[in-house]
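Here is a sequence together with a model predicted from it:
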Amino acid sequence: MLKITASTRINEILNEYPELTDYLMELGLCRADVGPGGIMGLELSRAAAEEGLDLRSLLVELNNRIQE
């Protein structure tokens, strides 16, 4: 995976970039609620909306963190 996009699923981010786990946990985007209704299987855009996060800022921050 080269870049995190709005359609990237939370579980894909965690699999590809485990170093982002703590940051996603702080934001409420990494939880133990797995299954069809869990946040882990959601696209980043929907998960961010559910948590009231600004998607554009989140994408910039996540992609900056994987570039370091």
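Received the coordinates, thanks.

make it CA atoms for all contacts and neighbour counts henceforth
Noted.

so who does the closest residue to Ala49 other than its chain neighbours touch?
When the adjacent residues along the chain are set aside, Ala49 lies closest to Leu55, with 7.5 Å between them (CA to CA, 6 or more residues apart in numbering). Under the criterion of CA atoms under 8 Å, 6 or more residues apart in numbering, the contact partners of Leu55 comprise Ala6, Leu44, Ser45, Ala48, Ala49.

quick one: Leu53 is in a strand?
No - the assignment for Leu53, made by DSSP: H, G, I helix; E, B strand; the rest coil, is coil rather than a strand.

Surely Thr5 forms part of a helix?
No - if the criterion is three-state DSSP, then Thr5 is coil and not within a helix.

Once you drop chain neighbours, what's closest to it?
Excluding the flanking residues, the one nearest Thr5 by CA to CA, 6+ apart is Leu59, at 6.7 Å.

Give me the phi and psi angles of that neighbour.
Comment: the main-chain dihedrals of Leu59 come out as phi -60, psi -40, following degrees, to the nearest 10.

What number of residues are in the vicinity of it?
A count of nearby residues for Leu59, using other CA atoms under 10 Å, gives 18.

which ones are touching it?
With contacts defined as CA under 8 Å, 6+ apart, Leu59 is in contact with Ile4, Thr5, Ala6.

hang on, the first one packs against Leu62?
Yes - Ile4 lies in contact with Leu62 (CA atoms under 8 Å); the separation is 7.2 Å.

So for those two, which residue has more residues nearby?
A side-by-side neighbour count of Ile4 and Leu62, using other CA under 10 Å, places Ile4 first with 21 against 18.
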